[in-house]
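*Asks:* build me a structure from this.
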Amino acid sequence: MELFSRYSLRASFFVSLGPDRSGRALRRALRPSFLLKMLRTNPFRLYGLRTLLSGTLLPSRLIGEEAPDLLRAIVAGGHELGIHGYDHVHWQDRVEVMDEAETAADLSRAVAAYEKLLGTKPTSSAAPGWRCTAASLSAQDRLGFLYASDVRGVSPFLPVWNGRAFQTLQVPVTLPTVDELLGREKRINELLISSLRDGLNVHTIHAEIEGRSYLGLFEGLITEFLRRGVEVLALREVVEGCLKNGFGTVSHVPVTCGKIAGRSGWVACQGQRRKE
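*Replies:* Sure thing, here's the model as predicted:
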């Protein structure tokens, strides 16, 4: 927030409201891709020992619910605040086997915590690990979000899962993240700049990465964006522009499961546009 304030920028923050059980993610070490990521990114530098043991040898601490003043400061600073699930690790590891009731309960619990802390309902959601299912898309529709950012892709769309259409706008992340590039690319900012396309580009940053050890790298990216005349907006501003002419201008597109270089396991991806 301090960095954004210096450059008079607004951003969209997505926060997990429930317990930090990051230590349980170490169970993924059995996956070669996850182990390779840990070797590439130096998790002790990124997260610290306290976080790496949270929910195992050390008790879980509530993330958003234990930081009400910080959440209110995000909103007071002119930023957008949405939810990033309730229990991040549980969602990321089990969402594909969670039924509609369990999925809806997780999202509803995050919404209730947000309401309690901020006095308003959240209008946006971003799925932990870019993992969504038909159950989560259905729950989003029932909860009435303005939009979600659950997938990787190229442009805003209305999701279709196995032929079933949903009505909550998806705004996909279009650029790789720093943790996907660490240990794989030497010139990270140069690659991100070269990946920009005309129109909308959506970039995800992580507070524990760009907000800590890689803050200088991120500031360099921001200054280069601004030097090149890139307009930096919160996602809600993009969505309001996208929906200005109504949902009829937004296409239904399938959601598929895919792989992203540098990321362990599957992620939800924007598929090919459906033929009308």
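
*Asks:* quick one: average pLDDT of the longest helix along the chain?
*Replies:* For the chain, the longest helix by residue count, based on DSSP state H, is helix 100-118. For helix 100-118, the per-residue pLDDT values average out at 96.

*Asks:* that helix: what's the following helix or strand?
*Replies:* For helix 100-118, the following helix or strand on the C-terminal side (DSSP states H and E) is strand 124-125.

*Asks:* which helices and strands does that following strand pack with?
*Replies:* strand 12-15, strand 80-83, strand 147-148, helix 235-242 (3 or more Cβ pairs under 8 Å, 6 or more residues apart in numbering; DSSP states H and E). C-beta here means a position set from N, CA and C on the backbone, and glycine is covered the same way.

*Asks:* ok, now with 10 Å
*Replies:* strand 12-15, strand 80-83, helix 100-118, helix 134-143, strand 147-148, helix 235-242 (3 or more Cβ pairs under 10 Å, 6 or more residues apart in numbering; DSSP states H and E).

*Asks:* residues making contact with it?
*Replies:* Strand 124-125 has contacts (Cβ atoms under 10 Å, 6 or more residues apart in numbering) with 12-14, 80-85, 107, 110-111, 114, 132, 136, 139-140, 143, 145-150, 168-169, 171, 234-236, 239.

*Asks:* give me the buried subset of those residues.
*Replies:* Buried by 16 or more other Cβ atoms under 10 Å: 12-14, 80-85, 107, 110-111, 114, 132, 136, 139-140, 143, 145-150, 168-169, 171, 234-236, 239, out of the contacts of strand 124-125.

*Asks:* would you map the helices across the protein?
*Replies:* Using DSSP H, helices in the chain cover 2-6, 32-41, 43-52, 68-76, 88-94, 100-118, 134-143, 178-181, 188-194, 215-227, 235-242.

*Asks:* what ranges of this structure fall below the confidence cut-off?
*Replies:* 24-47, 49-55, 57-58, 246-248, 274-276 (pLDDT under 70).

*Asks:* could you point out the longest strand of it?
*Replies:* strand 252-258 (DSSP state E).

*Asks:* wait, residue 272 touches residue 252, no?
*Replies:* No - counting by Cβ atoms under 10 Å, residue 272 stays clear of residue 252, with 11.4 Å between them.

*Asks:* who has more neighbours out of those two?
*Replies:* residue 252 (15 against 8; other Cβ atoms under 10 Å).

*Asks:* tell me the bridge partners for that one.
*Replies:* residue 158 (DSSP bridges).

*Asks:* isn't it right next to residue 159, touching?
*Replies:* Yes - counting by Cβ under 10 Å, residue 159 is a contact partner of residue 252 at 7.5 Å.

*Asks:* who touches both of those two?
*Replies:* Common neighbours of residue 252 and residue 159 (Cβ under 10 Å, 6+ apart) are 165-167.

*Asks:* out of these, which are buried?
*Replies:* residue 166.

*Asks:* OK, contacts around the residue nearest to residue 193 when sequence neighbours are not counted?
*Replies:* Among residues not flanking residue 193 along the chain, residue 224 sits closest, at 5.9 Å (Cβ to Cβ, 6 or more residues apart in numbering). Neighbour list for residue 224: 189-190, 192-193, 230 [criterion: Cβ under 10 Å, 6+ apart].

*Asks:* just list the residues touching the residue most central in space within the chain, thanks.
*Replies:* By Cα atoms, centre = their mean, the mean C-alpha position of the chain lies nearest to residue 126, the distance being 4.6 Å. In this structure, residue 126 makes contact with 12-16, 82-85, 132, 147-151, 171, 173, 204, 235, judged by Cβ under 10 Å, 6+ apart.

*Asks:* also residue 222?
*Replies:* So residue 222 contacts 3-4, 6-7, 9, 189, 210, 230, 232 (Cβ under 10 Å, 6+ apart).

*Asks:* which of the residues you listed ranks first by neighbour count?
*Replies:* Compared across the contacts of residue 222, residue 210 has the highest neighbour count, 22 neighbours, by other Cβ under 10 Å.

*Asks:* neighbours of the spatially closest residue to residue 203 that is not a sequence neighbour, how many?
*Replies:* With sequence-adjacent residues excluded and distances taken as Cβ to Cβ, 6+ apart, residue 203 is closest to residue 175, at 4.5 Å. Using other Cβ under 10 Å, residue 175 has 18 other residues around it.
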